[in-house]
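1. quick one, what's the 3D model for this:
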Amino acid sequence: METRVLATFADEEAVKQRLQASELSEPLSAVEGVASGTALGEGLVTVAARLRAIGSAPRLIAGVLAQALSRPAAVWWACRASRAEHGGGALEADLPALEAAEAWLRNPEQWRAYAANEAAKSIGLASPAGCAALAAFFAGESIAPSHLPPLLPEPHLAGMAAAAAVELAATRRVAPEGPDPWAPLLDIGFGIAAGADHWPQVSATLATR
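-> A predicted model of the protein is given here:
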């Protein structure tokens, strides 16, 4: 089965609604140049690439790219960014939350999404791993407490949490001088979008979401 890493949208309006919900109004005009008929996540990847080519803010590029990805792929990017955090990789204190997100990716059962949410609460959202764990929760089947009827998360939430993870991975330990902390993390995201960067153990998960 083919691994699906990009989000699917019903039409151009759905793409715009996703961007608006994600507080990404700036790229709306660029969408019109790539969307025709059924607009897929590929269109948003093109928008993100255009934004990068013209030197837009990396935060904006990450936000658009995260919405272009399927929810599990967005979680995956958040995890990869957390592992590759600028300044030396993931901190030891962050590992429980990061591992909770990765555990959901390997086996996306709802109880693992709840566990990821608890890990995010424990570590907080000032770390890439905490945001990655929250993204895993938002990529689950319900954000309601387990004893209540399921409540589907809004589709943009996982991407927003993933983009926050990428931003923190780029900026939390940035040095006054040195290489661009965003570039390698954005490269990872575009690699995921292209299907060139994947974990074999989660490929079956990505194919079904």
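
2. how close does residue 15 get to residue 131?
-> Look at residue 15 and residue 131: by C-beta to C-beta, to the nearest Å, they are 23 Å apart. C-beta here means a position set from N, CA and C on the backbone, and glycine is covered the same way.

3. ok, these two, which is more surrounded?
-> Set residue 15 next to residue 131 and count neighbours by other C-beta atoms under 10 Å: residue 131 wins out with 29 against 26.

4. which residues does the residue nearest to the more buried one when sequence neighbours are not counted contact?
-> Distances taken as C-beta to C-beta, 6 or more residues apart in numbering put residue 165 closest to residue 131, at 3.7 Å, once the chain neighbours are dropped. The contact partners of residue 165, by C-beta atoms under 8 Å, 6 or more residues apart in numbering, come to 77, 78, 81, 82, 128, 129, 131, 132, 135.

5. swap in residue 136?
-> 75, 100, 101, 104, 105, 112, 113, 116, 117, 158.

6. so how far is stretch 98-115 from its chain's centroid?
-> Centroid separation for stretch 98-115 versus its chain: 15 Å, with C-alpha atoms, centre = their mean, to the nearest Å.

7. outside of that stretch, which residues touch it?
-> For stretch 98-115, contacts defined as C-beta under 8 Å, 6+ apart pick out 72, 75-76, 78-79, 82-83, 90, 116, 118-120, 128-129, 132-133, 135-137, 139-142, 146, 199, 201-202, 205, 209.

8. 6 Å instead, please
-> Stretch 98-115 is contacted from outside by 75, 79, 82, 90, 116, 119, 129, 132-133, 136-137, 140-141, 201-202, 205, using C-beta atoms under 6 Å, 6 or more residues apart in numbering.

9. neighbour-wise, which one of those residues leads?
-> Most surrounded of the contacts of stretch 98-115: other C-beta under 10 Å gives residue 132, at 40 neighbours.

10. on that earlier part again, quick one: the contacts of residue 165 as TSV, columns for distance to residue 42 and pLDDT too.
-> What follows is those, written out as TSV (distance: C-beta to C-beta, whole Å; pLDDT from 0 to 100):
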residue	distance to residue 42	pLDDT
77	16	97
78	21	98
81	21	97
82	26	97
128	26	98
129	29	98
131	25	98
132	24	98
135	21	98
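
11. which members of those are the farthest-apart pair?
-> 77 and 129 (13.1 Å; C-beta to C-beta).

12. okay, now stretch 146-161: how far is its last residue from its first?
-> Taking C-alpha to C-alpha, to the nearest Å, the first and last residues of stretch 146-161 lie 21 Å apart.

13. what do you get for stretch 6-23?
-> 20 Å.

14. format the contacts of residue 136 as CSV; extra columns: distance to residue 151, secondary structure and pLDDT.
-> Supplementary listing: these in CSV, determined by distance: C-beta to C-beta, whole Å; DSSP: H, G, I helix; E, B strand; the rest coil; pLDDT from 0 to 100:
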residue, distance to residue 151, secondary structure, pLDDT
75, 19, helix, 96
100, 21, helix, 97
101, 20, helix, 97
104, 18, helix, 95
105, 22, helix, 93
112, 17, helix, 97
113, 12, helix, 98
116, 16, helix, 98
117, 13, helix, 98
158, 15, helix, 98
